[in-house]
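Student: no FASTA, just this:
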Ligand code: HEC
């Protein structure tokens, strides 16, 4: 083995070790700050207690902006946002379709292979809603859904041109599916990973921004209208 290859391998292993250590420390710090999680909290829908209705306000957003990706067996991180049970189940970094798998994997069919969130936790799924202390602040800071939405708000998609190259839209893209315990670290290194992934701000927001007088939003968003076709001028004047 050449000297260069050996050196490269050493540097790579060192970097991997440092990365793994940083992730480990970050998770340990999270647990010591936030105590123990309660995996049974979302075993049953809690019912709406505040002014916001899941059915009337949240579900339409999920259906318009999320289920296009988060619905089928190939949903990123197996996160299915089309039903309460899918949200309560959360994420797993195991892929359902994995061409390199040699031996059978236990199936993870929603509504079939487990029924409660706590049963999914035993099958390797981690929550996207807060399972730590049940306070309004913590329900935001320890919810992956809240965190990925805020990340997008802080780093919105450019409203013109193509999506940045770092965003991979391939079906076979690598996925990270970081758990909430290491999300602080993840968002620093992946500022463009907010949700909805790679999509523009909602049309309503763009429209309201344009009516606020932001001419940039008006000029650069949405498909450009094509110039209207003109009747070719007849060399002999009017055709009629
Ligand atoms: C264009 C496809 C697409 C859309 C639309 C989309 N997502 Fe995602 N989502 C992804 C991909 C890809 C990942 C995996 C990212 C990774 O881990 O590398 C993901 C991962 C996630 C995760 C898991 C993050 C983690 O830390 O494990 C959450 C939560 C999520 N999305 C929520 C949403 C919500 C809420 C919406 C709608 C507002 C949404 N997504 C819309 C593609 C999409």
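Tutor: Alright, I've got the coordinates. Predicted model, so just to flag it, every value in this text is computed and none were measured.
Student: so what pLDDT did residue 85 get?
Tutor: At residue 85, the pLDDT value in this model is 95.
Student: how about it, what does it touch?
Tutor: Applying Cβ atoms under 8 Å, 6 or more residues apart in numbering, we find residue 85 in contact with 110-111. Every C-beta, even on glycine, is put in place using the N, C-alpha and C of the backbone.
Student: show me how far the helix or strand it falls within is from its chain's centre.
Tutor: If you go by DSSP states H and E, residue 85 is part of helix 84-89. Its chain's C-alpha centre and that of helix 84-89 lie 15 Å apart, by Cα atoms, centre = their mean, to the nearest Å.
Student: and if you look at stretch 95-108?
Tutor: Counting by Cα atoms, centre = their mean, stretch 95-108 comes out at 22 Å from the chain centroid.
Student: cool, stretch 131-145 as well?
Tutor: Chain-centre distance of stretch 131-145: 17 Å, with Cα atoms, centre = their mean.
Student: can you pull the buried residues of it?
Tutor: In terms of neighbour count (16 or more other Cβ atoms under 10 Å), stretch 131-145 has its buried residues at 131-132, 141-145.
Student: so does it get close to the ligand?
Tutor: Yes - judged by Cβ under 6 Å from any ligand atom, stretch 131-145 and the ligand are in contact via 144-145.
Student: circling back: what about whichever helix or strand comes after the helix holding residue 85, average pLDDT?
Tutor: Using DSSP H and E, the helix or strand that directly follows helix 84-89 along the chain is helix 117-122. In this model, helix 117-122 carries a mean pLDDT of 98.
Student: for helix 117-122, name the packing helices and strands.
Tutor: Contacts defined by 3 or more Cβ pairs under 8 Å, 6 or more residues apart in numbering; DSSP states H and E place helix 117-122 against helix 84-89.
Student: list the buried residues in the helix it packs on.
Tutor: Using 16+ other Cβ under 10 Å as the test for burial, helix 84-89 gives 84-89.
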